[in-house]
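Engineer: Fold the following.
(chains A and B)
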There are 2 protein chains.
Amino acid sequence: MIEKETPIQARPDTFLKDFSENSSVRARFEKMIRAAQDSVCAAIEEVDGGRFKEDVWSRPGGGGGISRVLQDGSVFEKAGVNVSVVYGVMPPEAYRAAKPSQNGNAADESFKPGPVPFFAAGISSVLHPKNPFAPTLHFNYRYFETDPPKDSPGAPRQWWFGGGTDFTPAYVFEEDVKHFHSVQKTACDKFDSSFYPRFKKWCDDYFYIKHRGERRGLGGIFFDDLNDYDQEMLLSFAKECANSVIPAYIPIIEKRKDTPFTDRHKAWQQLRRGRYVEFNLVYDRGTTFGLKTGGRIESILVSLPLTARWEYDHQPEEGSEEWKLLDACINPKEWL
Amino acid sequence: MIEKETPIQARPDTFLKDFSENSSVRARFEKMIRAAQDSVCAAIEEVDGGRFKEDVWSRPGGGGGISRVLQDGSVFEKAGVNVSVVYGVMPPEAYRAAKPSQNGNAADESFKPGPVPFFAAGISSVLHPKNPFAPTLHFNYRYFETDPPKDSPGAPRQWWFGGGTDFTPAYVFEEDVKHFHSVQKTACDKFDSSFYPRFKKWCDDYFYIKHRGERRGLGGIFFDDLNDYDQEMLLSFAKECANSVIPAYIPIIEKRKDTPFTDRHKAWQQLRRGRYVEFNLVYDRGTTFGLKTGGRIESILVSLPLTARWEYDHQPEEGSEEWKLLDACINPKEWL
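Structural biologist: Numbering: from 1, shown residues only, chains lettered A, B, ... in the order given. So this is what the prediction gives:
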């Protein structure tokens, strides 16, 4: 098990030990995610009027994190924006769960290294608004490095990037979905014209609730284990994606946060939140990895909504607004 | 994947194909669980005033089930009582997930049989009342048989029993917990004086939410893969346990269902329901097996509460009533 975190009083300027690492990818990635945390939290506070509560923690083995949560605000039911920068030595089973595989499938079970020195940094956020017409947003950008396992010092250092931004409304407003996806595409197109179609499909495939035959939402972009491009290019790409969160999301929230709604709309939103819980607890790689390795549970599970609902055998009436959303979760569409 | 179920109009007298099996353990177990379903549903309807909705389904490969749900009643938020009697041929990976292991741990991964003819029957129920002082109850009794794998016809037929009854209040009323556990002990003691202490501990160990370091509730009895006693004795024991559900639970519901409560009590109940969801989706063997093998999702997930809640970093004040429940979930007690 990865060691227990302990709360600390003040945010350090960096969670890295070695200040001479300043120009390293590690250091620049930390700087990027911390700036993104600040700007996203400021934008959410501005639209909500409430304030984030901050918890800073460190790990005895190395690194730490900053968890920020705004709960029961005027616009947001629960908004969590976490960064963590951790390093040390991970047990082989955790490495197997974390290491990249060729095609995003389960890692190769046959590879059994000894304890592996690692570095992992990421920003992770889930924003659940109160209004059922305002969509939930999730984004996560992470960078991972391993040193060679101690028992095979000749092996290469590995690194990879992962992440994505995806969006989960309870009701489909086509203009919102198009706006959200077009901001993702614009960010992708700055780097490689293959990125948006590839990462859009990856997102539809990843956020799949297999036992339901439906996706948790209307997608966005998702990529994982990305290491077959220039490292600097991928660092810039991750930064561009993180910087696209506010323009992709905040205008939609501004537009929908005060829309009048009925109990029926709220109950449907709550049912979709139930699906969100199912995806996160059963399939999400970060969540299941965190639960297994004994990460900071409150930070990991801050992604769960404040409230959720499960009705037995609920079937929206064909043609209804609820059915339209479900149909788009079952049959992913090209929005652009 | 196990084949998809299809709805059917009327309850058959038996889901077994061969009526000459009448005196078999399979047939008598089916009869027992169907009688238990009828009597528990009748008792719940009497206390609630509402009516169960029934869905009957069959599997092309063999067998079927009866799902009954009472949702949003006057006393119960959601009450599900399901029986299923299924058989056919299961894929090796499903068999590995289902087969007994020596000590209740994960099955032996090295055993790789071909498709295995199986029979599985069970009753499974979760009863979530509305009043935060009225406890949630879960019980499940099941019987499993396999024929020898087709590629090793000389291997023995295997059978085993599993099940238990456990109870999950949001607040501790010591007299309720003692009553509940004493009914379990009385049922156990009729068969073997070692059963209650052994199955009480097994229950505390099984319903453990590892990532929280706490149990989902205040236990009861649990046993799995039981095949080292006389088969007739275990059939009678399962029947005794199923017949103990009503005397263990209904008097507590009668006593607590109308207790006045505040928003604080309700929010705490909802948080504990969130833990219930975490246990069921992440750890419960029946649920995770069902999700993997493509069982009837609505029947599997009827165990989830109608509503649940996740607050960031909620810590009950030491000495409060909420803290007392949490403490008993962290440090299981001997109640008798």
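Engineer: quick one: A:E54 from chain B, how far?
Structural biologist: 11 Å (CB to the nearest CB, to the nearest Å). No exception for glycine: its C-beta is placed from N, CA and C like everyone else's.
Engineer: ok, now A:G50?
Structural biologist: 13 Å.
Engineer: Does that residue touch A:F76 like I think?
Structural biologist: Yes - if you go by CB atoms under 8 Å, A:G50 and A:F76 touch, sitting 7.3 Å apart.
Engineer: Have a look at these two and say which one is more surrounded.
Structural biologist: Taking neighbours as other CB atoms under 10 Å in any protein chain shown, A:G50 and A:F76 compare with A:F76 leading, 27 against 16.
Engineer: sorry, back to before: need the overlap of contacts for A:G50 and A:F76.
Structural biologist: Shared contacts of A:G50 and A:F76, defined by CB atoms under 8 Å, 6 or more residues apart in numbering or on different chains, comprise A:L70.
Engineer: so how many other residues sit close to the closest residue to A:T165 other than its chain neighbours?
Structural biologist: In this structure, A:T165 finds its nearest non-sequential neighbour in A:F139, 4.0 Å apart by CB to CB, 6 or more residues apart in numbering or on different chains. By other CB under 10 Å, 25 other residues sit near A:F139.
Engineer: hang on, A:F139 is in a strand, isn't it?
Structural biologist: Yes - counting by DSSP: H, G, I helix; E, B strand; the rest coil, A:F139 is part of a strand.
Engineer: my read: it touches A:S125, true?
Structural biologist: Yes - using CB under 8 Å, A:F139 is in contact with A:S125, at 5.4 Å.
Engineer: who touches both of the two?
Structural biologist: A:V245.
Engineer: The closest residue to chain B within the stretch 1-150 of chain A: how many residues sit nearby?
Structural biologist: Proximity of the stretch 1-150 of chain A to chain B (CB to the nearest CB) peaks at A:V69, 4.3 Å away. The local packing of A:V69 (other CB under 10 Å) involves 21 other residues.
Engineer: what do you get for A:N331?
Structural biologist: Counted with other CB under 10 Å, residues neighbouring A:N331 total 10.
Engineer: where does it land on pLDDT?
Structural biologist: For A:N331, the pLDDT comes out at 97.
Engineer: what separates it from A:L218, distance-wise?
Structural biologist: For A:N331, the distance to A:L218 equals 11 Å [CB to CB, to the nearest Å].
Engineer: now the helices for chain A?
Structural biologist: Using DSSP state H, the helices of chain A run over residues A:25-48, A:92-98, A:174-189, A:195-206, A:231-243, A:245-256, A:263-282, A:285-293, A:297-300, A:321-330.
Engineer: and of those helices, who's closest to B:E145?
Structural biologist: Closest approach to B:E145 among the helices of chain A (CB to CB): helix A:263-282, 28.8 Å.
Engineer: Tell me what angle the closest one forms with helix A:285-293.
Structural biologist: Angle, helix A:263-282 to helix A:285-293, by axes from the mean of the first three to the mean of the last three CA atoms, to 10 degrees: 60 degrees.
Engineer: Could you pull out the buried residues of helix A:263-282?
Structural biologist: Neighbour counts over helix A:263-282 (16 or more other CB atoms under 10 Å in any protein chain shown) mark A:265-282 as buried.
Engineer: Relative to A:T186, how far out is the spatially most central residue of chain A?
Structural biologist: When CA atoms, centre = their mean is applied to chain A, the residue found nearest the centroid is A:N140 (3.0 Å). For A:N140, the distance to A:T186 equals 20 Å [CB to CB].
Engineer: follow-up on the earlier one: which of the helices of chain A has the lowest mean pLDDT?
Structural biologist: helix A:92-98 (a mean of 66).
Engineer: got a pLDDT number for A:G104?
Structural biologist: 42.
Engineer: Using CSV, please lay out the helices of chain A together with distance to B:Y208.
Structural biologist: Output for these, formatted as CSV (distance: least, CB to CB, whole Å):
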stretch, distance to B:Y208
helix A:25-48, 34
helix A:92-98, 19
helix A:174-189, 40
helix A:195-206, 30
helix A:231-243, 38
helix A:245-256, 37
helix A:263-282, 16
helix A:285-293, 13
helix A:297-300, 14
helix A:321-330, 33
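Engineer: Contact residues of chain A facing chain B?
Structural biologist: Residues of chain A lying near chain B by CB under 8 Å from any CB of the partner chain: A:53, A:55, A:69, A:71, A:78, A:80, A:210-212, A:270, A:274, A:277-278, A:281-282, A:288, A:291, A:294, A:297-298, A:300-302, A:304-313.
Engineer: Just the buried subset of those residues, please.
Structural biologist: Buried by 16+ other CB under 10 Å: A:55, A:69, A:71, A:78, A:80, A:211-212, A:270, A:274, A:277-278, A:281-282, A:288, A:291, A:294, A:297-298, A:300-302, A:304-312, out of the residues of chain A next to chain B.
Engineer: Nearest to chain B within the stretch 101-250 of chain A, name that residue for me.
Structural biologist: Here the stretch 101-250 of chain A gets closest to chain B at one residue, A:H211, 4.4 Å apart by CB to the nearest CB.
Engineer: re the thing from before, what's the residue of the stretch 1-150 of chain A closest to chain B in contact with, if anything?
Structural biologist: Listed by CB under 8 Å, 6+ apart, the contact set of A:V69 reads A:52-53, A:55, A:78-80, A:302, B:312-313.
Engineer: In strands only, show me these.
Structural biologist: Within these, residues falling in strands by DSSP state E are A:53, A:55, A:78-80.
Engineer: burial count for A:K255?
Structural biologist: By other CB under 10 Å, 15 other residues sit near A:K255.
Engineer: repeat for A:K292
Structural biologist: A:K292 has 16 neighbours, counted by other CB under 10 Å.
Engineer: How much space separates it from B:K210?
Structural biologist: 9 Å.
Engineer: Please apply the same query to A:C329.
Structural biologist: Distance of A:C329 to B:K210, computed by CB to CB: 31 Å.
Engineer: A:F15 now?
Structural biologist: Taking CB to CB, one finds A:F15 at 27 Å from B:K210.
Engineer: do the same with A:V183
Structural biologist: 39 Å.
Engineer: cool, A:D205 as well?
Structural biologist: Taken as CB to CB, the span from A:D205 to B:K210 is 29 Å.
Engineer: Over to A:P197?
Structural biologist: Counting by CB to CB, the gap from A:P197 to B:K210 is 40 Å.
Engineer: and if you look at A:S84?
Structural biologist: Distance of A:S84 to B:K210, computed by CB to CB: 21 Å.
Engineer: With A:I297 instead?
Structural biologist: 10 Å.
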